[in-house]
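> predicted model follows, preceded by the sequence.
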Amino acid sequence: MTFRTKHNWAALLAWPLMACLPLACSSSSSSDTNSNTELSSDQAALSAIVSLPHKDVCDPAALKPGQLRCHAKVRVGANGSIQSFATPSGFGPADLVSAYQVAAGGGTGKTIAIVDAMDDPNAEADLATYRAQYGLAPCTTANGCFRKVNESGAASPLPAPDVGWASEIALDLDMASAICPECKILLVEASQPTIADLGTAVNTAVALGATVVSNSYGGGESSSDPTFDQQYFSHPGVALFASSGDSGFGVEYPAASAGVISVGGTSLTHSTNARGWAESAWGGAGSGCSAVTAKPSYQTDTGCARKSIADLSAVADPNTGVAVYDTYGQPGWVVFGGTSVASPVVASIFAKTGNGAKTGAFVWQNPGDFFDVTSGSNGSCGSYLCTGGPGYDGPTGWGTPNAAAMTAGGPSSPPTTSLALWLRADVGTSGSTNGSPVSSWLDQSGNGLNATMATASRQPVLATGALNGKPVVRFNGAQSLVLSRVLSPTRFSVFVVGKNSMPTETFSMIMGPGGSSANNQLRWENGSQALLVGTGNNLPIVTANTGNTRAYHALSARYDGATMTVYRDGNAVSSSPTSFSTTGTWDLFQIGAWYSTYFMQGDVAEILFYTSALSETDRGTANGYLRSKYALP
Ligand SMILES: [Ca+2]
């Protein structure tokens, strides 16, 4: 075999070129207009949200020194009194599980703890009405699903009733029910709304077996917060959540606690995108840079030297509020907002998806598990700490839960928008037994972009059980499969699960343009690098060091029309800088050996090729799907 290295472009280009097949010379057009269309429809949907009157459930003017207040807001009528609805108004369970992609099941044996102050005498009765309204199984003291205790863990004596806190309790119980109807609910009522009592209630919730603890209240930061962290908010193995506040940009405690995942807020509305929903930062959500709490080691943002708030978010805008049933001093069906909605929603999703032992580090290290929120603001601080934008931002953190992506075991399928080619060795190969030749590999994307090879000597073979029990398509030299047409996207995201088997240096082709073009290959290089040649003819080669390519990995690349970034098992590994500048289309026509001399020796289990630069959320979902399916690092 003869191999050319990446340095031999002049020699390569001087070669007599293979006759150009008509199909190989034409480019099928492919567009990535979907994302732009979705963006504008999302913006239209979000701008159509109507502003409605609402008020604080726990009156901030009534607070005594040292007291914390609940983070709920309730819709009111024109006269300022709480608006009552004969039937539920606002989002119900079906809306919330749709918005956050929550699948049925998973919560059996899990306990969602709700920590609030004071007593709601109607808590269990109102909970029963809410669950009956939506067809959720009863959750009662009698059947062991519901338990209400004081901050010491005893069923009595309970704290004094309070209308405002009772509303907060009703909201929290309803949100836990909406997200995880099969979870148990533990309501721990603190004697007073002070950090000492509420913190004691947190400790009790954990002692009584909570899987997660939701805290929908807050107050100002103080120099004692690190002490409170140690006394009340340090429970390894039990995820604690705290709402970020309802007063816009600004930091509250315990959202600022080192021991909690802080939860900001969004406006949530239907949209015509694939998810069906759009979100923007809610103007009332708390956020910012703590004045007291040290920077957690996992927080990587650079505009705040101490802890940044929030970490995550969920719906909180009372204008896109949720239905709650509350009769203690209230009229029944009411509409609530506030980050008091978001905290129990997020906490319940963590419990239901098997992530009850996670900390903020999980959030910051798995942004693909969350729907990024990229618009809206809660103030005019002049930075990401109050402005929704791509990636991390203060009001919404890393975004809102994508429960499908968070589910232990990972997502069961990749994103499909702009998916142009999907080859998987476990479905669609012409042979199914070990060693059988693969003359055709059928595209699973629905686009019919099948890969075939009629010449027997150039057909790869199927190797069953090669990768953690899954099959691979094995190439061993001058073997390739040719696509039914050329893809020539101007932007793309590509994922390849496989490994290089070339015993010595040089490279092994994974995919390329076919025909005669000397451009845009994806190949394993030198045993330690994936090499992605620059788009367009004769551009400099761009490389990324991906570590040992002779072990199975999910290698992926994302190209947005200007820069290319390469990832291994979901993590960016492009050589410094972390992305490359390049231009042009990326022609894709063949899998495996290219032309008659650039060979392929290696295994491919799966290829996903998108004709768009995927969002971080979708990239994470695709990678999560592959990582889970093949038990990759
Ligand atoms: Ca964001």
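Good, I have the coordinates. As the structure is a prediction and not an experimental result, all values here were calculated from the model.
> leaving out chain neighbours, which residue sits closest to residue 385?
If the residues on either side of it in the chain are set aside, residue 385 comes closest to residue 394, at 3.9 Å by CB to CB, 6 or more residues apart in numbering. Backbone N, C-alpha and C define where each C-beta goes, glycine included.
> that neighbour - how many residues pack around it?
Neighbours of residue 394 under the rule other CB atoms under 10 Å: 34.
> for it, what are its contacts?
Residue 394 sits next to 249, 264, 287-288, 308-310, 378, 381, 384-387 when contact means CB atoms under 8 Å, 6 or more residues apart in numbering.
> so which strand or helix has residue 128?
Element membership for residue 128 (DSSP states H and E) is helix 123-133.
> for residue 601, same thing?
Secondary-structure element containing residue 601, defined by DSSP H and E: strand 600-610.
> got the CA coordinates for that strand in CSV?
Provided in CSV are the C-alpha atoms of strand 600-610 (Å, rounded to 0.1, in the frame of the first residue of the first chain):
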residue,chain,number,x,y,z
MET,A,600,-9.5,2.7,5.2
GLN,A,601,-8.6,0.2,7.9
GLY,A,602,-11.0,0.4,10.8
ASP,A,603,-14.4,-0.1,12.3
VAL,A,604,-17.5,2.2,12.0
ALA,A,605,-20.5,1.5,14.3
GLU,A,606,-22.5,4.6,13.5
ILE,A,607,-22.4,7.8,11.5
LEU,A,608,-24.7,10.8,12.0
PHE,A,609,-24.4,13.6,9.5
TYR,A,610,-26.4,16.8,9.9
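> what's the average pLDDT for it?
Taken as a whole, strand 600-610 carries a mean pLDDT of 95.
> direction included, what does that strand pair up with?
strand 419-424 (antiparallel), strand 470-477 (antiparallel), strand 492-500 (antiparallel) (DSSP bridges).
> how about the ones you listed, which one is nearest the ion?
Between the ion and the strands paired with strand 600-610, the tightest spacing by CB to the ion is seen for strand 492-500, at 19.2 Å.
> what average pLDDT does the closest one get?
Strand 492-500 comes out with an average pLDDT of 93.
> out of the strands paired with strand 600-610, deepest packed?
The highest average neighbour count among the strands paired with strand 600-610, using mean count of other CB atoms under 10 Å, belongs to strand 492-500 at a mean of 25.
> interface residues of this structure facing the ion?
Contacts of the chain with the ion, taken as CB under 5 Å from the ion, map to 372, 373, 393.
> change it to 6 Å
Neighbours of the ion within the chain, by CB under 6 Å from the ion: 372, 373, 374, 388, 389, 390, 391, 393, 396, 399.
> now the helices for the stretch 51-200 of the chain?
Along the stretch 51-200 of the chain, the segments classed as helices by DSSP state H, counting those that start in this stretch run 93-99, 123-133, 163-179, 195-207.
> re the thing from before, now intersect the contacts of residue 394 with the helices, please.
Counting by DSSP state H, none of the members of the contacts of residue 394 fall within helices.
> show the buried residues in the residues you listed.
Buried members of the contacts of residue 394, scored by 16 or more other CB atoms under 10 Å, are 249, 264, 287-288, 308-310, 378, 381, 384-387.
> I'd like those residues as CSV, with pLDDT appended.
Formatted as CSV, those follow (pLDDT from 0 to 100):
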residue, pLDDT
249, 98
264, 98
287, 98
288, 98
308, 98
309, 98
310, 98
378, 98
381, 96
384, 97
385, 98
386, 98
387, 97
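> buried residues in stretch 96-104?
So, applying 16+ other CB under 10 Å, buried residues of stretch 96-104: 96, 97, 99, 100, 101, 102.
> to clarify, my last question referred to stretch 619-633.
Going by neighbour count (16+ other CB under 10 Å), the buried part of stretch 619-633 is 619-630, 632.
> for residue 295, state which of the residues you listed is nearest.
Within these, proximity to residue 295 (CB to CB) peaks at residue 620, which comes in at 23.9 Å.
> tally of neighbours for the closest residue to that closest one other than its chain neighbours?
Of all residues not flanking residue 620 in the chain, residue 368 sits nearest, at 1.0 Å (CB to CB, 6+ apart). When neighbours are defined as other CB under 10 Å, residue 368 has 24 of them.
> from the ion, how far out is residue 368?
Relative to the ion, residue 368 is positioned 13 Å away (CB to the ion, to the nearest Å).
> from what I can see that residue touches residue 616, true?
Yes - counting by CB atoms under 8 Å, residue 368 touches residue 616, with 6.4 Å between them.
> give the contact list for the closest residue to the ion within the stretch 1-150 of the chain.
Checking the stretch 1-150 of the chain residue by residue against the ion with CB to the ion singles out residue 42 as nearest, at 13.2 Å. Residue 42 makes contact with 271, 273, 278, according to CB under 8 Å, 6+ apart.
> mind doing that once more with 6 Å?
Neighbouring residues of residue 42 by CB atoms under 6 Å, 6 or more residues apart in numbering: 271, 278.
> ditto for residue 161
Taking CB under 6 Å, 6+ apart, we find residue 161 in contact with 119, 121.
> for it, name its beta-bridge partners.
Using DSSP bridges, the beta-bridge partners of residue 161 come out as residue 119.
> where does it land on pLDDT?
For residue 161, the pLDDT comes out at 98.
> where does the stretch 151-300 of the chain have low pLDDT?
The stretch 151-300 of the chain contains no residues with pLDDT under 70.
> which stretches of it form strands?
All strands of the stretch 151-300 of the chain, identified by DSSP state E, counting those that start in this stretch, fall at 184-190, 212-215, 217-218, 239-243, 261-270, 277-281, 288-294.
> may I have the fourth one as PDB, with CA atoms only?
Written as PDB, here are the backbone C-alpha positions of strand 239-243 (Å, rounded to 0.1, in the frame of the first residue of the first chain):
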ATOM      1  CA  ALA A 239     -29.600  17.300  45.300                       C
ATOM      2  CA  LEU A 240     -30.800  20.500  46.900                       C
ATOM      3  CA  PHE A 241     -32.600  23.100  44.700                       C
ATOM      4  CA  ALA A 242     -33.300  26.700  45.600                       C
ATOM      5  CA  SER A 243     -35.300  29.300  43.600                       C
END
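> show me what it is in contact with.
Under the contact criterion CB under 6 Å, 6+ apart, strand 239-243 has outside partners 71, 212-216, 233, 254-255, 259-263, 339-340, 343, 346-347, 350, 356, 358.
> which residue sits closest to residue 122, ignoring its sequence neighbours?
residue 328 (4.4 Å).
> so who does that neighbour touch?
Residues in contact with residue 328, defined by CB under 6 Å, 6+ apart, are 120, 121, 122, 166.
> so which of those is the most crowded?
Counting neighbours by other CB under 10 Å, the top entry in those is residue 120, with 30 neighbours.
> closest residue of the stretch 501-633 of the chain to the ion?
For the stretch 501-633 of the chain, CB to the ion, closest residue to the ion: residue 616, 9.0 Å.
> residues touching that residue, list them.
Here residue 616 is in contact with 367, 372 (CB under 6 Å, 6+ apart).
> retrieve the pLDDT associated with it.
Residue 616 carries a pLDDT value of 81.
> distance-wise, check it relative to residue 266.
Look at residue 616 and residue 266: by CB to CB, to the nearest Å, they are 17 Å apart.
> same deal with residue 224?
Relative to residue 266, and taking CB to CB, residue 224 is found at 31 Å.
> in terms of neighbours, single out the busier of those two.
Neighbours were counted for residue 224 and for residue 266 using other CB under 10 Å; residue 266 has more, 32 against 12.
> my guess is that one meets residue 279, correct?
Yes - counting by CB atoms under 6 Å, residue 279 is a contact partner of residue 266 at 4.1 Å.
> now do the shared contacts for those two.
In contact with both residue 266 and residue 279: residue 373, using CB under 6 Å, 6+ apart.
> elements contacting the helix or strand encompassing residue 350?
Element membership of residue 350 [criterion: DSSP H and E] is helix 339-352. If contacts are counted by 3 or more CB pairs under 6 Å, 6 or more residues apart in numbering; DSSP states H and E, helix 339-352 sits against helix 163-179, strand 212-215, strand 239-243, strand 261-270, strand 312-315.
> lovely, talk soon.
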